[in-house]
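Trainee: Build me a model from this:
(2 chains)
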Amino acid sequence: MSGERLARWAFGVIGIGIPVALFGLWTIDRGVVPTLHARLSEAGGWQPSVLEAAVGVPLELRLISEDVVHSFAIGRTGMAPIDLPPGQPVRASLIFTRPGTYTYYCTRWCGADHWRMRGVIEVTGPGEPVPPPRPALYLSLGVDLDAEHPASAVPSGRPSAARGAALGASFPTGAGARDAFVTRAPAEIWGALRRHPSTQGLTDSQVWDLVASQWRSTTTPAALETGRSLYAQNCAACHGEDGRGEGVFGAEAGAHAPGDDSHDSPPADFTDPSRMLGASSALLQGKIVRGGMGTGMPYWGPILTEAETWALVDYLWTFQFEEGK
Amino acid sequence: MTRLDLARIPAVRAILTARGPQLGVQLAAMAGLILVVVAGLVGTAAGSRNLATVGVWIGWWAALMLVAVPLFGRLWCGICPLPLPGEWLQRGAMLKPRPGGYGLGRPWPRRLRGMWLQNAAFLGVAVFSLPILTDPRLTAVLLIGLVLLAVALSLVYERRAFCRYLCPIGGFVGLYSQAAPVEVRVRDPHVCATHKTKTCYVGNAEGYGCPWLVYPASLTSNLNCGLCLECLRTCPLDNVAVNLRAPGADLNLAGRSRSDELFKSLLLLGSALVYSVVLLGPAPAVRAAAIEIGSPGWWLYAAGFLLVTVALLPGTFLLAVRLGRTGARSALDRARSFAPSLVPLGIGAWAAFSLGFVMANLSYLGPVLADPLNLGWDLLGTASMAWKPIPVGPWPVALVIAGGLAWTSQKIRSSAERMAGGLKAAAPVWGFCFAYSAGLLWVFAG
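Mentor: Down below sits the predicted model:
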């Protein structure tokens, strides 16, 4: 073969063969292992946003973030999140034991619309389908989630569960049960206690301590720890780690338009007693499950289990009540 | 000045005149280019993990600016894959000349000659450079566009019109190759003068007429010599030398530069300054603005870039030259005489910028080389390598800038002496270069 012919062959192999081989390799590989791309919500979020799987058959995925650090998790399964550093493919093998619709989401505070990064996996096959979430308590109680709920009374200081417990006062029959606490706003509980003859010798602050004590007695350290973790992961971005509604994305959440920081519904300030103490745990759970219509508050119903939503609500009261002292 | 003619060493000459090794390297570069383009199109959109952005703007840039240009001048132009497809179509051959080939072979329009178009192309790419630097798709599209443009021009115009008049990198490399310790020159101009067929320019059976439209006998600087070595192959009188020489030999020339070369020098000085501010400076807001094409911030950045590179720096330089006025020559005329003096300053500025930029990002190369298409491969065992900036420290950067300034100062003095302007002519230009260097140092100091 002459040198010229050899050179032309080399040119052809490189100029045509390499691109064809690379594109072919890429196409085949993507066919074998589907790729789930993670992008900031404003750039498209998860792509594709709908995946299909069969019961008992591993769903092999290549996850790759196309911009910033994201994290992949499937709601209501207790799955440990998979971190996705930018541009670094991560392989995952998911297996489902029950048919149903699963929601996957990003657990990293990737951007102002982080919470919009959601997609679903439709799992088909034999077996009992994943049951839909139970209707939230606020529905059976007829609580209007969107109505204002100012507290009828607020304490002069921060109520303490430990001080309340130390008072040794006995609650009226049934008042110490969890249902009695979660269905009524603390201000309402305080009013009922205040009017009860057994608290006549107590100051207003001491009655508030009793309310805090009631909250603490209806939850557990494990639930509070779960709530703390869920809050840090999912809520603090907007509501702030200190609960004041001044998280890193707080200014943008619920804004009128991108870049316009003014809005009617800034993230709730959990440290504001005039607002928080007028809300029942059922109302707070409803807001978490359903989301805040017309505000930037996302809905967490498809993501969190019922136990997780309650753990989160229990934790929110730590912004009002002290456990110790 | 002493020169070592490599072409006189038979083994070296054999390698330099053989077409196989050069074409082999060029084809390898083309394979790399194709891989980069494919990666840019199908790989991740995350710039820090894509071979297109990391391979080109960190790997290739480091090799070009810190090694190839300072040591070998326009070596890259001799092996660049961008013009290869067009050149093959134009010539109808990949190796020695043979009948055939396509194209109209028109001469490049006289009005478009010089470096002005190249300067405009550089500016055009430069104002969009941050998105290009960070977006693999844009990088791939840019490279494809450059190849297509080179092919199109090869089919309409003669020789390497794209390389000579349009390539945004070509002018850059050409200007700074004047300081390189390598050159192609004729051994004895008188031999050329009496050589009637001028095969170095028109070509013969052994090779092609100079693709860069240069008559080798008139070569006095590396500015427009692409180191393709065709003249070495076509000279039947063995009168072409490939010299190792003292760095910066071209900068001692008494002749004046053209206005486009002067502008190029100042444009590149301004660009190095702006890039250092944007990419290495302490203001992330500027960086964010430079990326968002079309946003008000980007327009502001683009206007600032053009203001600094096209107006502010050239204007200040002309003012400095004017301040040192001696004799009847115009400021522009004298500024052109000072133009070669600015080359070392520019090399120092770009080397300082490249050192900071490349060393901070070099560790990105490991993952992209191990997994070039972002399919989860680990070809080199470096796919999981974490980003770890290599600390350069202030002294190497300061040394490079100071070295460029010292070298430039010496050249300014020589230029001023040749103009019989003495200290009065040199002092304001020194002041300009000193202020520029101080500004650059200030940017690096953060």
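
Trainee: Name the residue of chain A with the shortest distance to chain B.
Mentor: With C-beta to the nearest C-beta as the measure, residue A:87 is the residue of chain A nearest to chain B, at 2.3 Å. C-beta coordinates here come from the backbone N, C-alpha and C atoms, glycine included.

Trainee: which phi and psi does that residue have?
Mentor: Dihedral pair for residue A:87: phi 70, psi 0, per degrees, to the nearest 10.

Trainee: repeat for the one 4 residues further on
Mentor: Per-residue torsions, residue A:91: phi -90, psi 140 (degrees, to the nearest 10).

Trainee: partners of it in the sheet?
Mentor: Counting by DSSP bridges, residue A:91 is bridged to residue A:62.

Trainee: That one: neighbour count?
Mentor: By the criterion of other C-beta atoms under 10 Å in any protein chain shown, residue A:91 has 11 neighbours.

Trainee: quick one: it and residue B:376 touch, right?
Mentor: Yes - counting by C-beta atoms under 8 Å, residue A:91 does reach residue B:376; the two are 5.9 Å apart.

Trainee: for the stretch 1-150 of chain A, which spans come out with low pLDDT?
Mentor: In the prediction, the stretch 1-150 of chain A carries residues with pLDDT under 70 at positions A:1.

Trainee: Run through the helices of chain A in chain order.
Mentor: A:3-12, A:18-32, A:137-141, A:161-166, A:178-182, A:186-195, A:204-217, A:221-230, A:236-239, A:273-276, A:281-290, A:306-316 (DSSP state H).

Trainee: do the same with the stretch 1-150 of chain B
Mentor: Using DSSP state H, counting those that start in this stretch, the helices of the stretch 1-150 of chain B run over B:10-17, B:19-42, B:51-54, B:61-62, B:69-72, B:75-79, B:84-91, B:116-127, B:129-134, B:136-156.

Trainee: tell me the most buried of these?
Mentor: Sort the helices of the stretch 1-150 of chain B by mean neighbour count, taking mean count of other C-beta atoms under 10 Å in any protein chain shown, and helix B:51-54 sits at the top with a mean of 29.

Trainee: and the residue of the stretch 201-350 of chain B found nearest chain A, what does it touch?
Mentor: Nearest residue of the stretch 201-350 of chain B to chain A: residue B:295, at 10.3 Å (C-beta to the nearest C-beta). If you count contacts by C-beta atoms under 8 Å, 6 or more residues apart in numbering or on different chains, residue B:295 has them with residue B:289.

Trainee: pLDDT score for it?
Mentor: Residue B:295 is assigned 92 on the pLDDT scale.

Trainee: Can you pull the residues of the stretch 51-200 of chain B lying near chain A?
Mentor: B:84, B:85, B:88, B:93, B:94, B:95, B:96, B:98 (C-beta under 8 Å from any C-beta of the partner chain).

Trainee: Would you check that the second one makes contact with residue B:149?
Mentor: The one in question is residue B:85. No - contact criterion C-beta under 8 Å: residue B:85 and residue B:149 do not qualify, at 11.4 Å.

Trainee: Please name the nearest non-neighbouring residue to residue B:396.
Mentor: Nearest residue to residue B:396 in three dimensions, chain neighbours excluded: residue B:355, at 6.3 Å (C-beta to C-beta, 6 or more residues apart in numbering or on different chains).

Trainee: from memory the one you found sits against residue B:400, does it?
Mentor: Yes - judged on C-beta under 8 Å, residue B:355 makes contact with residue B:400 at a distance of 6.6 Å.

Trainee: Lovely, talk soon.
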